[in-house]
Every structure is written in C-alpha cells, then in structure tokens.
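1. Show me the folded form of this:
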Amino acid sequence: MSLGVLIAHLSLMKLSKLNQLSSALKSTFNHKPTFKPTITLSILETHLHNCHNLKQFNRILSQMILTGFISDTFAASRLLKFSTDSPFIGLDYSLQIFDRIENSNGFMWNTMMRAYIQSNSAEKALLLYKLMVKNNVGPDNYTYPLVVQACAVRLLEFGGKEIHDHVLKVGFDSDVYVQNTLINMYAVCGNMRDARKLFDESPVLDSVSWNSILAGYVQKGDVEEAKLIFDQMPQRNIIASNSMIVLLGKMGQVMEAWKLFNEMDEKDMVSWSALISGHEQNGMYEEALVMFIEMNANGMRLDEVVVVSVLSACAHLSIVKTGKMIHGLVIRMGIESYVNLQNALIHIHNLDQISWNSMISGYMKCGSVEQARALFDVMPEKDIVSWSAVISGYAQHDCFSETLALFHEMQLGQIRPDETILVSVISACTHLAALDQGKWVHAYIRKNGLKVNVILGTTLLDMYMKCGCVENALEVFNGMEEKGVSSWNALIIGLAVNGLVERSLDMFSEMKNDGVIPNEITFMGVLGACRHMGLVDEGRCHFASMIEKHGIEPNVKHYGCMVDLLGRAGLLNEAEKLIESMPMAPDVATWGALLGACKKHGDTEMGERVGRKLIELQPDHDGFHVLLSNIFASKGDWEDVLEVRGMMKQQGVVKTPGCSLIEANGVVHEFLAGDKTHPWINKVEGMLNEMAKRLKMEGYAPDTNEVSLDIDEEEKETTLFRHSEKLAIAFGLLTISPPTPIRIMKNLRICNDCHTAAKLISKAYAREIVVRDRHRFHHFKEGACSCMDYW
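-> The predicted model follows:
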C-alpha cells in the first residue's frame, strides 16, 4: 500500500515542514538495529499511557519498528489511534506512519478518516475512502457512517448519494448505524424526500433515527411534519423535545413550546435557552426575563444564546440597570467576546456614533441584514461609516438592488462615498448587468479624482468584462498603477469568456514574466480559455503544470474544466476516464459537462448511461432531465422522451424557462421563452415577422433539431422563433439606436438556432449584438461570432 500520491495532494503547500518530519520518520523505519529490545501489548499500553509529548512518542515508535512489533496489526492499530488522538502529534505525521504500515486493515483506514473529519478536513476523509476502495481494503459498517458524515459536513448530497449506492451494493443498507447517518445526510442537505423514504423503509429505528428525521423537519421549518414525527416517537428524549421547542418558538407557537417544556421530565441548558429565545423572538420580553431568573435559580449554566436573548429583552423594555447587571455576569462567565453578545450589549448602554456603527456592522457580519437596516433607519445621525456598513453589507449578502437603491439615497444626502462603498456598488452593477449605472460610478471616480487602487480597479475591470465591454476593461487595467494577482485573474478570465482566447493566454504569459505568481483562480481562467477554443494539448500542458511547476493542487473545478475541454473536443472516453481518476468526488457540473458533450457529439449510448446515472443521483436537477430528453429526441425515441418527462412530473421537477434580460434607456426588461405579457409584445411580434423575412433572404433555415417535441416542422419553427433571446433582440432593434450594441444576458446556454439567427441578424441589420449566456459571451458582428462557432 502506498499513499505517496495522497500526501502530495493533501500537503503540497506544507512540503518543507513535512520533509522535516518525513526524514526523521524514514530514518527510524530504515534503521537496522544491533539489538532487539522486547515489547508486548501490555508494555505498549503502559508506554502510551505515560506518553505526553512527541519525543516520547518517537521513542515508542522506534522501539516498535526495531523489534518488528509494528507488523502486529493490533499493535499498529493501537499506535495509530493514539497518534491521531494526541494533540501534540500532527495529522500529517500520523498519515506518514499510516503510509508505512504494511497490510493496514479497515480499522486503521477508519481511524485516519475519523481523524480528518474531526479536524474539519472532511474532503480528505473522502479521498482516503476512494484510495481504500482502490487498494481493495473492504469498507465495513463503521466506514460508511464516516464517509456519509463527511458528505454531510460539506453538504455534498451528490457525493452522499454515490456512497449510498455503494452501501446498497455491499449490503450494509440494513445496518441501523449506516441508515441513521444516511438519513441525517439527506436531512442536513435539505432533501427531506429521500431522508423520509429511508426512514420509512428502515427495518430498525432507534432514537438516533427519530432525532435525525425530526431535526431535518425542524431545519426546514415544517411544523406539521415535525409534530407528526414527534407524536409518533416511541420514546421522546431531551434532544427531540429541545428541537421541537426551538421550532415552535421560531414559528410563533410559544404557548405550545411552553406546554412541551413543562411536560419534560428532564431539562438541560438548551431547553431553557430555546424557550427563553422563543419568548424574546415573539416580543414576550417580560416572560423571557422571568424565565431567565428561574433558570439561574435552578443553577443552570448560561450560554451566549440565552444571554443575548435576555439582553435584547432588557433593551426592548428599556431596563438599562438590569442589562448592566447581566453584563457583569457575562464578564464573570468569560463570554464577552462573542460578536452577537457584543451587539446586544451595545443596546444596553448609551449609544454614541461608534456604538451604532459597530452594532450595524456586527449584525451584517452575522447575516442579520434586516436588523442592521432597521438600526440604520432609526439611528439619529449617519456618517460615512454607517452608510458603508449597510451598503457593503447588502452587497456581501447578494442584495444588489438594495445596494444600488441605498447608494442613490446616499447621493441625495450629498455624502461622498469611500472606496468600500464604490467597490460594493460596482459589484452590484456587475451582478445586475446594470452597465449604465456602472459607467456612471466610473465617471464619478474620474470626475472626483479618486485613486483607483488594486481592489477598486479590479472591481471595475471585472464589471466591464462581465458586461462585454472589453475595451473599457483594458483601459482600466492599463491605467492601474498597481496590479495584484486578482487584477490579472480578472483580465485573463474576462478576455477568455469574451472570446479573445489567444490574448487571454498571452496575458497569462505576461503575468508570469512580470513576476506575479498565479493561483488556483488564474488556472481556472487559463483552462477556461483553452476550453472555449478547444485547445486540448495546451490545456493538458497547463493542467499538468499546476502541480509540476506551480505547486497548486487542482480542485474539482479544474477537473471540471478539463472534462469539458475534452468532451467538447469529442474525446469522450478520455473525459470519462479523467472523471474516474479524480482524487475527489466529481460534482454536478463535471458530470453535466460530460453529458452535454455526449449530446453535442451524438454519443447516445454514453449519454443515456451518464444521464440515467445522474438522474438517479440527482432526481431534482432539471438540466440532466432536459439533456437526456434531448438525446432521446435526437434519435427519434419519443417514448423515452415521454418517459423522462413523466419522471420529471413524478419528481416535481420543472424545467427552468429560458429568460433574457436587456437594458434599454436605463431600464432592464425581461423576456421569457414564448412570452406574450410584455407591454411591447405587439411591436415585438411585428419585428419578429420582419426579422423572419430578412433572415430567409440571408439563407436562414430553422434548426428544428433543437425542439425535442414530436410535432410537425411548421410548429417547431414557430416554437424556435419565440425563444427568449430572439424576443429580446427584436425589442433591442426597436428601442436601441445604432451604433449602441444590443446587450442581452440569458440564464441558459444559447441554442444552435438562436446562435445562427443572431449572426445573420447582425449582418442583415448592421448591428452589434452581445449575448452573455450561462457560459460565455457571444459578440455577433457582420455575420460572425467571437466564439468562432465553438461553444
């Protein structure tokens, strides 16, 4: 057994530190003794019991190697377990010991996986599992709960389903411990349908099974289902009761929570905390304080949650003296440093400007956006820090429309924005494709002579690239006095997605020549550039250079890029082999890339196999269903098309409708496929008819293969001509005067027919059309596209 590859993957960036440990370890393993001190299991246990530092541990390890006792499976297992459990022995060192133990058994593999999970490195545990299977070490009923737990920790439902498949194949599906971790994994990932199915079909249910399914419904906020489960529990435990109190309090059913609390035979700190928080959340402040006094009288230990709730109650009741007394209690408890607690304490004391701003920032950092805005609205005086805290907070929490609205409100107050605010506003413009507003902010920066540093410059550059304005982006980049790796990354990625692949790769070379060290994001851009133009050999070279030249471990996204690159080039078998060789579980996007390549190159056999597997693993993913349906439709298998659509209906899967956005005169308009609700729809349909006539004159013939319906050709043509991007283009021709480009953003990949039509429209009407689809930009001009028909 060899885990050299694993060590290289997991610890490449810590190589110098590992080498020091490794050299010491190797010298121990390779040392040839002149005598053989005796050691037995009893002596080993005594030594380990008295071992308190790494030096003492190395002596024990040396003795085991010198005597050959390391070959004893039980003794080696005990040593490894002690190593992973000891705070003075790093996991990297334990891994090297594990690597050098011959004939390691399942217990040792489980020990290493458990250690990685406990050290918050769940992805490494999953990698170990893959190597375990590859080395033909049989997983047992302790292995599967570990790897399922690793998937749950990282919310990897897709990977969890693959492990579930393994469980079914090896026959551990009847093991209650395995079943419970699977139920918990699905519940944690929000998939209550599969969690409940497992729960209902489980031959044996214990308290953990009931608690896991209940916790899933509590997390989802489903009171009715949670009540049904709770009422059916053979024996209610304190964990289940606490979960129900939390849920009932959040949903405003405080009296029911109170009743349940009183019925409990045993109560712990969580029980009291949940009920007090429930009262406070529902405005029952006096009751919350009474309960807190009772809790304290019962000698219950206090935690941050209950203290925050009580301080909030004091603030709402304006009883500052009581609040300050609780503050003194908090100091004695030593929990004053918690962020939520600090914010609650601010309520109790007289609030100056700094306190108001600190509290708003604290709420934003904790994700309490509404509370932060409520405080902002009522604060007596707002300064630049106040505005910055809320505007940047909105942007960080993806509230982009609110970001721009508050920025405009700030402008009305004649307050000069700082760098943080401008970065947040430009970022919001980027996400909303609000180019006009983004240009206004850029003009404001120039007009006021504001310095464009690395962060601000990179944000501007990124906005222009993502709006398809390459020349503006290059102007910003060239004007930056200082450029960081993020600036180069934005430039490389932006050029690639806008079809300027050769220039993108040239910038990568220039970046390295300037002494800027590339990172993981850089290589996402470089591999993406190769993918956009089908540069397979160059892509392979860059992928290999990540580890060989730059010491960067490829992640799942890098592998996904390579799979997409190979798939688009028709190298489907190589793409599938790459997926199988990945050192981590492939994600949805990676498999989807292979499925899309099967559709593109007409490999219906592989496409059907991959598609059915993906639907089985991710039954609620609309894209997989649609791709598989299209593969069947391409070979005229209408029965299979109907089967897939039936599966979608049965699973409640709804196909994401095509949607295109277009900005005209400062207003963003939205068109859906087949849309008939837009105020301009009559004029748009008139323009569509005119476009159809001109396109026929240009030699356009509708590509009806894009319509996966068993209908006649005329109806297919009508369906094609009502795609959302064609509606948006028609609207753009009506409302946007030349030479201004018609800019469209679409939520899905542009289809072959719309791509052909857009090229011909750009020629027939002498207009530049820019379409940003799900994957890249298409710049249509004079009958050609920047992607060179490779997308």
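2. from here on, contacts and neighbour counts on C-alpha atoms
-> Will do.
3. All the helices of the stretch 551-700 of the chain, residue numbers only.
-> In the stretch 551-700 of the chain, the segments counted as helices under DSSP state H, counting those that start in this stretch are 556-568, 572-581, 588-601, 604-617, 622-634, 638-651, 681-697.
4. Which of these has the highest mean neighbour count?
-> Per residue and on average, the most neighbours among the helices of the stretch 551-700 of the chain fall to helix 556-568, with a mean of 25 (mean count of other Cα atoms under 10 Å).
5. pLDDT below threshold where in the stretch 1-150 of the chain?
-> Across the stretch 1-150 of the chain, the ranges flagged by pLDDT under 70 are 1-38.
6. quick one, helices of it?
-> According to DSSP H, counting those that start in this stretch, the helices that the stretch 1-150 of the chain contains are 4-11, 15-30, 41-49, 54-67, 73-85, 91-99, 106-118, 122-134, 143-153.
7. that older thread, figure out which of the helices of the stretch 551-700 of the chain is closest to Cys785.
-> helix 681-697 (16.4 Å; Cα to Cα).
8. next one: the closest one to chain centre, how far?
-> 42 Å (Cα atoms, centre = their mean, to the nearest Å).
9. elements contacting it?
-> Other elements packing on helix 681-697 under the criterion 3 or more Cα pairs under 8 Å, 6 or more residues apart in numbering; DSSP states H and E are helix 724-735, helix 752-764.
10. Turn the ones you listed into JSON lines, columns for mean pLDDT.
-> Output for the helices and strands packed on helix 681-697, formatted as JSON lines (pLDDT from 0 to 100):
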{"stretch": "helix 724-735", "mean pLDDT": "94"}
{"stretch": "helix 752-764", "mean pLDDT": "92"}
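11. quick one, which of the ones you listed is nearest to Val485?
-> Of these, nearest to Val485 by Cα to Cα is helix 752-764, at 34.3 Å.
12. Show me what secondary structure element comes after that closest one.
-> Moving toward the C-terminus from helix 752-764, the next helix or strand (DSSP states H and E) is strand 769-772.
13. mind listing what that next one pairs with, with the direction of each?
-> Here strand 769-772 is paired, per DSSP bridges, with strand 742-746 (parallel), strand 777-781 (antiparallel).
14. Counting by contacts, list what the next helix or strand after the last one packs against.
-> The reference is to strand 777-781. Counting by DSSP H and E, the next helix or strand C-terminal to strand 777-781 is strand 784-785. Applying 3+ Cα pairs under 8 Å, 6+ apart, we find strand 784-785 packed against helix 752-764.
15. who wins for proximity to Asn298 among the strands paired with strand 769-772?
-> strand 742-746 (60.7 Å).
16. mind checking how far Glu475 is from Lys781?
-> In this view, Glu475 and Lys781 are 22 Å apart by Cα to Cα, to the nearest Å.
17. Among these two, which residue is more densely surrounded?
-> Using other Cα atoms under 10 Å as the criterion, Glu475 and Lys781 rank with Lys781 on top: 20 against 11.
18. got a list of what the residue nearest to that one when sequence neighbours are not counted touches?
-> The spatially closest residue to Lys781, leaving aside those adjacent along the chain, is Glu768, at 4.9 Å (Cα to Cα, 6 or more residues apart in numbering). When contacts are counted by Cα atoms under 8 Å, 6 or more residues apart in numbering, Glu768 touches Pro739, Thr740, Pro741, Ile742, Ser762, His779, Phe780, Lys781, Glu782.
19. Beta-bridge partners for the residue nearest to the fourth one when sequence neighbours are not counted, please?
-> Right, Ile742. Spatially, and ignoring its direct neighbours in sequence, Ile742 is nearest to Ile769 (4.8 Å; Cα to Cα, 6+ apart). Counting by DSSP bridges, Ile769 forms beta bridges with Ile742, Phe780.
20. my guess is Met606 contacts Lys600, does it?
-> No - with contact defined as Cα atoms under 8 Å, Met606 does not count as touching Lys600 (12.0 Å).
21. Quick check: Val147 vs Asp175, distance?
-> Going from Val147 to Asp175 by Cα to Cα gives 15 Å.
22. More neighbours: those two, which one.
-> The neighbour count for Val147 versus Asp175, taken as other Cα under 10 Å, is higher for Val147 (29 against 16).
23. Surely the more buried one is in contact with Leu128?
-> No - with contact defined as Cα under 8 Å, Val147 and Leu128 do not form a contacting pair (9.4 Å).
24. got any residues that touch both of those two?
-> Common neighbours of Val147 and Leu128 (Cα under 8 Å, 6+ apart) are Met113.
25. count of neighbours near the residue nearest to Leu760 when sequence neighbours are not counted?
-> With Cα to Cα, 6+ apart as the criterion, Leu760 has its nearest non-adjacent residue at 5.1 Å, and that residue is Gly783. Gly783 has 19 neighbours, counted by other Cα under 10 Å.
26. wait, Gly783 sits on Ile761?
-> Yes - Gly783 sits in contact with Ile761 when judged by Cα under 8 Å, with a separation of 7.3 Å.
27. give me the low-pLDDT residue ranges for the stretch 651-791 of the chain?
-> The stretch 651-791 of the chain contains residues with pLDDT under 70 at 651-655, 704-720.
28. can you do 50?
-> 708-717 (pLDDT under 50).
29. With the stretch 251-400 of the chain instead?
-> Residues of the stretch 251-400 of the chain that meet the cut-off, pLDDT under 50, sit at 336-342, 344-350.
30. redo that, cut-off 70
-> In the stretch 251-400 of the chain the weaker segments, taking pLDDT under 70 as the threshold, are 320-321, 323-324, 327-352, 355.
31. if you average pLDDT over stretch 516-532, what comes out?
-> Here stretch 516-532 scores 94 as its mean pLDDT.
32. for stretch 232-244, same thing?
-> Mean pLDDT, stretch 232-244: 93.
33. Report the backbone C-alpha coordinates of it in PDB.
-> Below are the C-alpha coordinates for stretch 232-244, written out as PDB (Å, rounded to 0.1, in the frame of the first residue of the first chain):
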ATOM      1  CA  GLN A 232     -45.100   9.000  16.800                       C
ATOM      2  CA  MET A 233     -41.800   8.700  18.700                       C
ATOM      3  CA  PRO A 234     -41.800   5.500  20.800                       C
ATOM      4  CA  GLN A 235     -39.800   7.300  23.500                       C
ATOM      5  CA  ARG A 236     -39.300  11.100  23.500                       C
ATOM      6  CA  ASN A 237     -35.800  12.200  24.500                       C
ATOM      7  CA  ILE A 238     -34.500  15.600  25.600                       C
ATOM      8  CA  ILE A 239     -32.800  16.200  22.200                       C
ATOM      9  CA  ALA A 240     -36.100  15.800  20.400                       C
ATOM     10  CA  SER A 241     -38.000  17.900  22.900                       C
ATOM     11  CA  ASN A 242     -35.500  20.700  22.600                       C
ATOM     12  CA  SER A 243     -35.700  20.600  18.800                       C
ATOM     13  CA  MET A 244     -39.400  21.000  18.900                       C
END
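34. Would you check that Leu661 makes contact with Glu670?
-> Yes - using Cα under 8 Å, Leu661 is in contact with Glu670, at 4.6 Å.
35. Please say which of those two ends up with more neighbours.
-> With neighbours defined as other Cα under 10 Å, Leu661 and Glu670 compare such that Leu661 has more, 22 against 19.
36. Which strand residues bridge that one?
-> With DSSP bridges as the rule, Leu661 is bridged to Glu670, Met745.
37. got the phi/psi numbers for Asp175?
-> phi -80, psi 120 (degrees, to the nearest 10).
38. for it, what are its contacts?
-> With contact taken as Cα under 8 Å, 6+ apart, Asp175 is in contact with Asn141.
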